[in-house]
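Enquirer: structure of the sequence below:
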Amino acid sequence: MKTAGYKQIMSKVPNITINLTNENSSKTGLSSPKDPTLYDKHMKCFHRFTPKMWKLYKIAYILTRKQEAVSRKQLSFRQRIRQANQYSKSPAIKKLLYLLTPTQRTFVQMQIKTKYSPKDRYFTLDEKIAALSIMKQFSKCYECLTQVFDLPSTHTLRSILQKINIHPGPINFINRRLKEQVKVMKQKDKLCLLMWDEILLQPHLDYDAKKKHIVGFEDFGGRRNARFADHAMVFMVRGIQNGWKFPLAYYLCDGATQIDQLAKSIKTISKIIIDSGLYLVAFVCKNGKRNLAAVNKLKFESARRKLRRGERCYGNITIKNQTIIPLYDPPTLIKGVRNNLLNYNLEFDCAEREERKFASWRIIEQAYRMDLTHNVYRLMPKITMEHVIKSKMNIKKVKNVTQVLSMTMGGFIHHHTKLKGHVNTIYGPLKMPEKEGLDTAEMILFFDRLFDSVNGHTLKPEKPLRVAVSDNSPHLSFWQKAIKRLRRMRFVDPVDKKPLKESIVLRNWISTLQGFRKLWKILKKYKFKHFRPRILNQDSLVHFFGQIRSLGERNAKPTCSEFESSFKTLLLNNLKSRCIVGSNSENKTDGPLLFTLKEFIRCRAKHASNDDGLTQNLSDLETKTKLSDKIQNYDDICSSIARRIMRSSHVKECQICRNLISDPTKSELVPSERLLKTFEDADVILAQIMSNVCYLHHTALMLEIELYTLMDLHWLNCQQHHNVLKKLLISYMVVLFISKWCNGINDILTDDERVSLS
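Expert: Below is the predicted model of the structure:
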């Protein structure tokens, strides 16, 4: 029986083998049906196999083949990873990546490594910030780019900005980070200056769901006023040694900041800088009337404190025992000279019993016309009508001013005063007046040297005075002579030559040159061998404003909300932005940010607390809440409220809640009569108190408390979700009411602007 059974079983083995081959050949790709290890191990025992054992053998064979296939795939994947690492570390790839900018390098590496499905992709914080820079520059194009390249979604990028809570006034977490950064800085790098300026904004109201208040009102940090903000005052600190910078704070204001408020803000920011461990040695601002008044007020307060202590006063500002020298922005000063010269003559080297000298803009216009001859080549090819002709002039460009008040223009005028006869031009024969031409050329050459002396940025001189200041440079002696000469200058009427009132521009030039001399004495105490005077201007702040305007579409007047969003973005990506067209600054000394907000986001991610799910859900949904232009009546608003409530994970599956807020007799989500009546009552209550609380902090919370107190919501009788449903309903009613109210105010502001422009 055993022999017959054995032969019967062995006759089935080839069939089993053939079946195994047919089943697995397509999966494994192997021609041999035998597994050497498995076959050799059990070959001598085949005569003992029962039919059940043969079935188990078949299953084991299949599993073994599958294990081999998986092992080969793992080996192949490891080899591909190893090859990719070797490829990425090759000298050719390193050289290629080295030629790219940091943002471009991050983008290329992002495309190389991300080959997963969209749900499985993981992006580092640096990659997200690089993508955020692209999205802010080209918001409409970014959605298309995400379809072509591996990029984070817009929702992911917006969530990064939501993690950063900045606000007008001093920002606590930035101040703490500043103190930490100062501890690791060298002694020379701690010397810094403070600059401030205003950027023009578009009056517009937007609801901030995270802060629970309306953005767009005048805001000085701890105090908000019921005025629409149309300016932002930004304070930036900058290092004197290597040009590092950081915008510390901003304020939203209606019109130009008032003098008392400006002086208070300057003192507040100065104390923060000094408390951080930095050595604040200078202020830099424009020579506007409010800046002058605020600086003079701080000077007066410092002088009064010193006189009480019996100390001598030298015209400086003292804050927390730190001597601070006020300076005025040299590019603004040179523009002021040009602007005054357009309407008045400049008398210089005034002295009794001497012939009077006058510089006139008429001579500069004459020089421009005399350069337009019939010859192919011009002596002043850079000078155009935008530089000279008043009706065609671009007043804001500093480059145009410096090209007119330059050695080229002065030399041209001086040369043509000595020519006898006329010059044939496209305007006909012209001749340069000798006396007035020589005087104007002398004045132009003086201001050319003066601006060079406060605009140097290299150790090797580009021009005699356009170089870094040192003990061996001619700056100190030139400044001393320039101060004496500026004191003998005055603007006079071009007709009767009567002197006008004392010029603010000339007085501020004198004050600035004196400040430069005082500052050099202070820097030498800290063992400075030289310093670059170009750092002592507002080019960094002007460039920062240009970056804010350039984010997204070209927006010369961003709203308050857009300004805050751009402010956060630039602090995240280290002020990476596309080139600013038409900027006044050359940015040759524009240093990097002292620190970015990347570490703050990383710390927030590590220490993120598990908030209540309802609160998080509300925050996410409120962030997306924007009232459409079509939602104008109660039906549309209540339909929007019902949809948002039913999307909440807390009440999504509850049929009782659905029947309470919607009409159960209809298949679509139609608001119930009780919901419509509730919103009508809420609209009346909120409209009565909105004007009193609209500009305050936490406006939404105040409105919610008012509704909790006055509204009867007992009809929300779902026992399981009563509190949740009540909270959701009140929250969304307040949010949509605020959005509707803001839209109405924005329409009025837009109409007023159109009327003023027309």
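
Enquirer: quick one, what contacts the residue nearest to Asn659 when sequence neighbours are not counted?
Expert: Using C-beta to C-beta, 6 or more residues apart in numbering and skipping the chain neighbours, the partner closest in space to Asn659 is Ser672 (8.0 Å). In this view, the C-beta of every residue, glycine as well, is placed from N, C-alpha and C. Contacts of Ser672 were listed using C-beta atoms under 8 Å, 6 or more residues apart in numbering, and they are Asn659, Leu660, Ile661, Ser662, Asp663.

Enquirer: buried ones among those?
Expert: The neighbour count (16 or more other C-beta atoms under 10 Å) marks Leu660, Ile661, Ser662 as buried among the contacts of Ser672.

Enquirer: show me what counts as buried in stretch 58-73.
Expert: Residues of stretch 58-73 classed as buried: Tyr61, Arg65 (neighbour count, 16+ other C-beta under 10 Å).

Enquirer: tell me the SS of the closest residue to Leu725 other than its chain neighbours?
Expert: Distance criterion C-beta to C-beta, 6+ apart; nearest residue to Leu725, sequence neighbours excluded, is Leu716 at 5.0 Å. Reduced to three states with DSSP: H, G, I helix; E, B strand; the rest coil, the structure at Leu716 is coil.

Enquirer: can you get me a residue count around Leu716?
Expert: Counted with other C-beta atoms under 10 Å, the neighbours of Leu716 add up to 20.

Enquirer: His722 is in contact with that one, correct?
Expert: Yes - with the criterion set as C-beta atoms under 8 Å, Leu716 and His722 qualify as a contacting pair; they are 5.9 Å apart.

Enquirer: which residues does Val215 bridge with?
Expert: Applying DSSP bridges to Val215 gives these bridge partners: Asp206.

Enquirer: where's the residue nearest to Gly169 when sequence neighbours are not counted relative to Leu445, distance?
Expert: Counting by C-beta to C-beta, 6+ apart, Gly221 is the residue found nearest to Gly169 once chain neighbours are left out, at 2.0 Å. As defined by C-beta to C-beta, to the nearest Å, Gly221 lies at a distance of 48 Å from Leu445.

Enquirer: one more: Lys529?
Expert: Taking C-beta to C-beta as the measure, Lys529 falls 30 Å from Leu445.

Enquirer: okay, those two: which has more neighbours?
Expert: Taking other C-beta under 10 Å, Lys529 and Leu445 do not tie; Leu445 has more neighbours (18 against 11).

Enquirer: contact partners for that one?
Expert: Met407, Gly410, Gly411, His414.

Enquirer: before we move on, the earlier item: show me what contacts the residue nearest to Leu725?
Expert: Under the criterion of C-beta under 8 Å, 6+ apart, the contact partners of Leu716 comprise Leu660, His722, Leu725, Lys726, Leu729.

Enquirer: what's the helix or strand for the residue nearest to Leu736 when sequence neighbours are not counted?
Expert: In space, not counting the residues next to it along the chain, Leu736 is nearest to Ile637; the distance is 5.4 Å by C-beta to C-beta, 6+ apart. For Ile637, the enclosing helix or strand under DSSP states H and E is helix 634-647.

Enquirer: list the contacts of that helix.
Expert: Taking C-beta under 8 Å, 6+ apart as the criterion, the residues outside helix 634-647 that touch it are 621, 625, 627, 630-631, 651-652, 657-658, 661-662, 669-671, 675-676, 679-680, 683, 725, 728-729, 732-733, 736, 740.

Enquirer: ok, stretch 273-284 next?
Expert: Under the criterion C-beta under 8 Å, 6+ apart, residues 175, 178-179, 182-183, 190-195, 237, 240, 248, 266, 270, 295, 317, 319-320, 322-329, 515, 519, 522-523, 526, 536-538 lie in contact with stretch 273-284.

Enquirer: buried ones among these?
Expert: When burial is judged by neighbour count using 16+ other C-beta under 10 Å, the buried members of the contacts of stretch 273-284 are 178, 182, 190-195, 237, 240, 248, 266, 270, 295, 317, 319, 322, 324-329, 515, 519, 522-523, 536-538.

Enquirer: sorry, back to before: CA atoms of whichever helix or strand comes after the helix holding Ile637 as PDB?
Expert: Stepping forward along the backbone from helix 634-647, the first helix or strand reached (DSSP H and E) is helix 655-661. Coordinates of each C-alpha in helix 655-661 appear next as PDB, following Å, rounded to 0.1, in the frame of the first residue of the first chain:
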ATOM      1  CA  GLN A 655     -29.500  64.900  12.100                       C
ATOM      2  CA  ILE A 656     -31.100  66.800  15.000                       C
ATOM      3  CA  CYS A 657     -28.700  69.800  14.500                       C
ATOM      4  CA  ARG A 658     -29.400  69.700  10.800                       C
ATOM      5  CA  ASN A 659     -33.100  69.900  11.300                       C
ATOM      6  CA  LEU A 660     -32.700  72.800  13.700                       C
ATOM      7  CA  ILE A 661     -30.800  75.100  11.400                       C
END
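
Enquirer: residues contacting Lys95?
Expert: Under the criterion of C-beta under 8 Å, 6+ apart, Lys95 has no contact partners.

Enquirer: that one and Thr106: what is the separation?
Expert: Per C-beta to C-beta, Lys95 is found 17 Å from Thr106.

Enquirer: with Asp496 instead?
Expert: Distance check for Asp496 against Thr106: by C-beta to C-beta, it reads 66 Å.

Enquirer: and for Leu157?
Expert: Computed with C-beta to C-beta, the distance linking Leu157 and Thr106 is 14 Å.

Enquirer: same question for Thr699.
Expert: Applying C-beta to C-beta to Thr699 and Thr106 gives a distance of 40 Å.

Enquirer: skip the chain neighbours and tell me the closest residue to the most centrally placed residue in the chain.
Expert: Centroid-nearest residue in the chain: Leu570, 2.8 Å away (criterion: C-alpha atoms, centre = their mean). Here the nearest residue to Leu570 in space, its sequence neighbours aside, is Gln547; by C-beta to C-beta, 6+ apart that works out to 5.8 Å.

Enquirer: what helix or strand is the one you found on?
Expert: Since the elements are taken from DSSP H and E, Gln547 ends up inside helix 539-550.

Enquirer: now do Trp54
Expert: Element membership for Trp54 (DSSP H and E) is helix 51-88.

Enquirer: for Phe412, give me its contacts.
Expert: By C-beta under 8 Å, 6+ apart, the residues touching Phe412 are Ala367, Asp371, Leu379, Met380.

Enquirer: the residues you listed in helices, which ones?
Expert: If you go by DSSP state H, these have Ala367, Asp371 in helices.

Enquirer: just the helices from the stretch 401-550 of the chain, written as ranges.
Expert: Secondary structure of the stretch 401-550 of the chain by DSSP state H, counting those that start in this stretch: the helices cover 407-417, 434-453, 475-487, 504-525, 539-550.

Enquirer: likewise the stretch 101-250 of the chain?
Expert: All helices of the stretch 101-250 of the chain, identified by DSSP H, counting those that start in this stretch, fall at 102-113, 125-137, 139-148, 154-162, 172-183.

Enquirer: angle of the longest one against helix 102-113?
Expert: Inter-element angle recorded for helix 125-137 and helix 102-113: 110 degrees (by axes from the mean of the first three to the mean of the last three C-alpha atoms, to 10 degrees).
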